[in-house]
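>>> my questions are about this predicted structure, shown below with the sequence.
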Amino acid sequence: MINLAQELQGVKTAAMAGHIRPDGDAIGSCLGLYLYMKENFPDIQAKIYLEEIPVAFASIFGVDEICTDYSEDVEYDVFFCLDCADEKRLGPAAKYRQTAKRTVCVDHHVSNGGYADANYIVPDASSTSELIFTILDETKIPVHAAEALYMGIAHDTGVFRYSCTSPQTMEIAAKLISRGFDFPSILSATFYDKTYYQKQILGRALLESMLLMDGKIIFSAIKAKEMKFYNVTFSDMEGIVENLLQTSGTEAAIFMYETAPNEFKVSLRSKNLLDVSAIASYFGGGGHVRAAGCTMQGSIHDVVNNITLHMEEQFKALGEI
Ligand code: AMP
Ligand code: MN
Ligand code: MN
């Protein structure tokens, strides 16, 4: 556990950052902590560094205060790494971690080895946003910080559906919504609503998907030229792998899209049995037991063969095949 008041004692400048290609939890946890500090520690100069925020989050309070420019060289008194499994995934913000006087990491990735001075890593937690809530004084959380943390929790639990959702997750969410913000609109705007192009690329991925290993695995891949044709970028691929996994009878989903010639961003999800974090970690990535990712080189064929081999081994070890 982190004692926030102690970490902020004597601090004049603070910064926080999440992982590259930020998702709802990375954005929510950074904003939640930032807005809480702004309200309760007004003398501390605080800044959030994140890569470009997907437009779906534009209506969230505080998003316009996020800094996406890393050109300034500043030595912060304290630097918070949130929802980020390793230093590499901080992207350009890593330079502020290196020069900061003290570093604090709050995260829930099982692959996080603890790379900061103080580490609060709980792999069983639903989200980093949930962990941030636990280090705050809950009587002093401003409404917009509550809104950001709720959004982060909702995103990482697939709106309270995934097995990482615990009774504590629901209790915290209940406390957050009692602050009184328009949570249905937040869920629609940031989670459920998709642009027409996002719907089209989802449709394409579903249409081209294949069942492998007797229907236990569903797989789909999108090439760079298809992304160009549908006018979509990397952040538009969010949610596709979860949609693939909502196929009856499947245990795991593999979704990949081309990020450079013969280079693929791979997303892995499982329902009950497979440890996809172990597989992603083997290929240089990481994540959680039921949701993980990595980047792999080679043809679509090579990549899918390499991954399914590991899945097959796990099924065998479990006596499932
Ligand atoms: P994604 O498939 O990108 O949605 O990621 C699923 C989960 O795994 C998220 O919690 C990510 O933060 C994590 N993850 C994805 N890629 C990596 C990676 N290369 N290294 C560590 N964690 C990752
Ligand atoms: Mn995340
Ligand atoms: Mn997370």
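Yep, it's here. Ligands and ions are numbered 1, 2, ... in the order given.
>>> in the stretch 151-300 of the chain, what residue is nearest ligand 3?
Proximity of the stretch 151-300 of the chain to ligand 3 (CB to the ion) peaks at residue 156, 4.5 Å away. All C-beta atoms are positioned from the backbone trio N, CA, C, and that covers glycine.
>>> how close does residue 306 sit to ligand 3?
Between residue 306 and ligand 3 the computed distance is 26 Å (CB to the ion, to the nearest Å).
>>> any figure for the gap between that residue and ligand 2?
24 Å.
>>> do the helix or strand where that residue lies and ligand 1 come into contact?
Assigned by DSSP states H and E, residue 306 belongs to helix 300-317. No: contact of helix 300-317 with ligand 1 (CB under 6 Å from any ligand atom) is absent, the minimum separation being 12.5 Å.
>>> which other helices and strands contact that helix?
If you count contacts as 3 or more CB pairs under 8 Å, 6 or more residues apart in numbering; DSSP states H and E, helix 300-317 packs onto strand 217-222, strand 252-260, strand 263-270, helix 276-282, strand 291-297.
>>> touching ligand 2 at all, the last one?
No: Strand 291-297 lies out of reach of ligand 2 by CB under 5 Å from the ion, never closer than 9.3 Å.
>>> need the residues that contact that strand.
111, 162, 256, 259, 262-269, 276-277, 279-281, 283-287, 303, 306-307 (CB atoms under 8 Å, 6 or more residues apart in numbering).
>>> the residue of the stretch 151-300 of the chain closest to ligand 3 contacts residue 131, doesn't it?
No: taking CB atoms under 8 Å as the definition, residue 156 is not a contact partner of residue 131, at 10.8 Å.
>>> okay, and the common contacts of those two?
Counting by CB under 8 Å, 6+ apart, the common neighbours of residue 156 and residue 131 are residue 108.
>>> picking that back up, just the pLDDT at the residue of the stretch 151-300 of the chain closest to ligand 3, thanks.
If you check residue 156, the pLDDT there is 98.
>>> ok, it to residue 169 distance?
Per CB to CB, to the nearest Å, residue 156 is found 9 Å from residue 169.
>>> cool, residue 17 as well?
From residue 17 to residue 169 the distance is 24 Å (CB to CB).
>>> same question, residue 40
24 Å.
>>> looking at those two, which is more packed in?
residue 169 (22 against 17; other CB atoms under 10 Å).
>>> confirm that one sits in a helix?
Yes: applying DSSP: H, G, I helix; E, B strand; the rest coil, one finds residue 169 inside a helix.
>>> so stretch 103-121, near ligand 2 or not?
No: Stretch 103-121 stays clear of ligand 2 (CB under 5 Å from the ion), getting no nearer than 8.2 Å.
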